Structure formats: C-alpha cells, structure tokens
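Student: Please find the sequence and the predicted model below.
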Amino acid sequence: MYSTALRPVPLAPEISLHLADPSVGLFDLTGGEFRSDEPPPFWAFAWAGGQALARYLLDHPDEVAGRRVLDVATGSGVAAVAAARAGAAAVAVTDINPDAVAAAHRNAAANGVTISDISDMPDVILAGDVFYSPAVAPEMTAFLRAARRDRDATVLVGDPGRGFFPGHLFTRVADYEVPVPKALEDTPTLLTTVWRMR
C-alpha cells in the first residue's frame, strides 16, 4: 500500500482526505515505473478537477441536496464526499481501479459521510479530471451524453484544461485557481473550471 496521511483538501479544507505527501509525484509512488497490470495510485491525490467540483458543491449545495449523485472516475472521492456533505440523498462512486473505490470509502468515513458503489438512476453525475487522454475522452463523453439525454441527469464536470475536453457540449459554471502539488502538476496552481453539460 502507498503511504498517505489525512490532509485537508487545499481548495476545500472542510474536507480531509488520505493523500500522498505534496512533495511526491504520481510515479514517485510506483518507484518511477508504469505497469499496465497495476494502475498508478491516482486516488492518492486531490486532482484539480475534483477539488473544483468539491468547492462548487460545498458553496452551492442546492445542486445536489436531496438528489441521487454518482461520482464517476472518483479517484480519492473528493467530489463524492463534498456531495454527501452538501446534503445529497445518496452518493455512489465508480472507478476502473478498485483501489480508488476503496480510497473513496476510506475518505468518506474520515469525513463522517456514507457513500455506496451502486447508483440507482442518478439525478446528478460528477466527473472530475476525466478528459486526460485521447483514448478516455471519447468514452467518457459518450457516457455523459447518454446520461444527460436518456436520464435527464445533471452533469457537472471539473476540468483544468487537460486538452481533450469537449467544450462545445458544456456551459461554464465557475472558475477556480486550484492549489496543486508542484511535484504532480509542475505548477503550484491550475485554473480549473466547473462545467454543466447542455
């Protein structure tokens, strides 16, 4: 297991997560190696998109209050924890990495909230930092568009300008200057936008 400690989220200090030390980069935790059989521990960091979503939900609880929420590609679970703190009726998480789902549950417990792994027709879908590669972006876009079209779900995305974000499908909701570990992003802050799918 990777070394983490309970630390406040820089943009949402009301929430504390089990995170890697800020001086550590993603591949530092894997010994500098990438192995396809074991995903890197994305869940050990509070990525900018998730932080922006968390801040937005804590400041605008009406977006999720009393509603069923699904946090896709949850990572550390920061957006899910914020949704639960903001009064969501139920919050579920999903991630291709089972370690991320476990981390989200650990972080929810550390913040005194409950999340699940199953979502029955969510009213709101959260997606932070999901448009990071040309392979993942089209799949994520198709999933979010189907949720918006077929279930009339509200779709909120946090994106720090990763490069594969389909901006024409979204409306800008809020901008945040998000503190991030320099070892992770090679910059101390990232301008990150919360978007709503049209």
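Tutor: Cool, the structure landed.
Student: where do the strands sit along this protein?
Tutor: Using DSSP state E, the strands of the chain run over residues 5-8, 16-19, 68-72, 90-94, 124-128, 154-159, 170-179, 189-197.
Student: Looking at those, which is nearest to Pro134?
Tutor: Ranking these by distance to Pro134, with C-beta to C-beta as the measure, places strand 154-159 first at 14.9 Å. Yep, even glycine has a C-beta here, placed from its N, CA and C like the rest.
Student: Can you pull out the residues in contact with the helix ranked longest in the chain?
Tutor: Across the chain, the longest stretch assigned as helix under DSSP state H is helix 136-151. By C-beta atoms under 8 Å, 6 or more residues apart in numbering, the residues outside helix 136-151 that reach it are 72-73, 121-122, 125, 127, 130-131, 153, 155, 157, 164-166, 169, 197-198.
Student: could you dump the strands of the chain to JSON lines with mean pLDDT?
Tutor: Formatted as JSON lines, the strands of the chain follow (pLDDT from 0 to 100):
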{"stretch": "strand 5-8", "mean pLDDT": "98"}
{"stretch": "strand 16-19", "mean pLDDT": "98"}
{"stretch": "strand 68-72", "mean pLDDT": "97"}
{"stretch": "strand 90-94", "mean pLDDT": "97"}
{"stretch": "strand 124-128", "mean pLDDT": "98"}
{"stretch": "strand 154-159", "mean pLDDT": "98"}
{"stretch": "strand 170-179", "mean pLDDT": "98"}
{"stretch": "strand 189-197", "mean pLDDT": "98"}
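Student: how about the lowest-mean-pLDDT helix or strand in the chain as CSV, C-alpha atoms only?
Tutor: Each helix and strand of the chain was given a mean pLDDT (mean pLDDT, DSSP states H and E); the minimum falls on helix 182-185 at a mean of 89. Extracted in CSV, the C-alpha atoms of helix 182-185 (Å, rounded to 0.1, in the frame of the first residue of the first chain):
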residue,chain,number,x,y,z
LYS,A,182,4.1,21.1,-7.8
ALA,A,183,5.5,17.6,-7.9
LEU,A,184,2.3,16.4,-9.5
GLU,A,185,1.5,19.2,-12.0
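Student: This completes my enquiry, with thanks.
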